[in-house]
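**Q** what follows is a predicted structure for the sequence shown.
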Amino acid sequence: MATELTYPCSLTLDVPFPDARLANVALQALRVDKELSALVQKDLSAVDSTLKVQYKATTNRMLRVAVNSFFDSLALVLEVMEQLDVDVIEARGVQAKTG
């Protein structure tokens, strides 16, 4: 007999990006990492220049572990964007010259 899990713990994150293209790049990079536990559900979407992340979990502990892991992955994606994305590098150059 299968039991249906309930997910009473939840967290919604809105991660802003400079433009919609970068939000979609982050979405595609982060989407490939599926949750390893059936005790956690994750939903990712991009709306305009915002990455929207919704987590649901069976316990606060499972939610915390999943969100911490997500932030590690997000930090890596942002670091790669900063180092390799030509548009970001060019925008920094313009800001440095004008500011």
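**A** Here it is on my side, so go on. Numbers count the residues shown, from 1 in each chain.
**Q** ok, now which ones touch the spatially most central residue of the chain?
**A** When C-alpha atoms, centre = their mean is applied to the chain, the residue found nearest the centroid is residue 74 (5.3 Å). Shown in contact with residue 74 (C-beta atoms under 8 Å, 6 or more residues apart in numbering): 15, 26, 30. C-betas here are computed from N, CA, C, even on glycine.
**Q** quick one: which of those sit in strands?
**A** Judged by DSSP state E, strands contain the following of those: residue 15.
**Q** can you redo the contacts of residue 74 as CSV with distance to residue 5, pLDDT and neighbour count?
**A** Output for these, formatted as CSV (distance: C-beta to C-beta, whole Å; pLDDT from 0 to 100; neighbours: other C-beta atoms under 10 Å):
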residue, distance to residue 5, pLDDT, neighbour count
15, 27, 97, 20
26, 28, 96, 21
30, 23, 97, 18
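**Q** could you look up the SS state of the residue nearest to the centre of the chain?
**A** The three-state label given to residue 74 by DSSP: H, G, I helix; E, B strand; the rest coil is helix.
**Q** tell me the pLDDT at residue 33?
**A** As predicted, residue 33 sits at a pLDDT of 88.
**Q** pretty sure it sits in a strand.
**A** No: with three-state DSSP as the criterion, residue 33 is located in coil rather than a strand.
**Q** my guess is it meets residue 77, correct?
**A** No: Residue 33 is beyond contact range of residue 77, at 10.4 Å (criterion: C-beta atoms under 8 Å).
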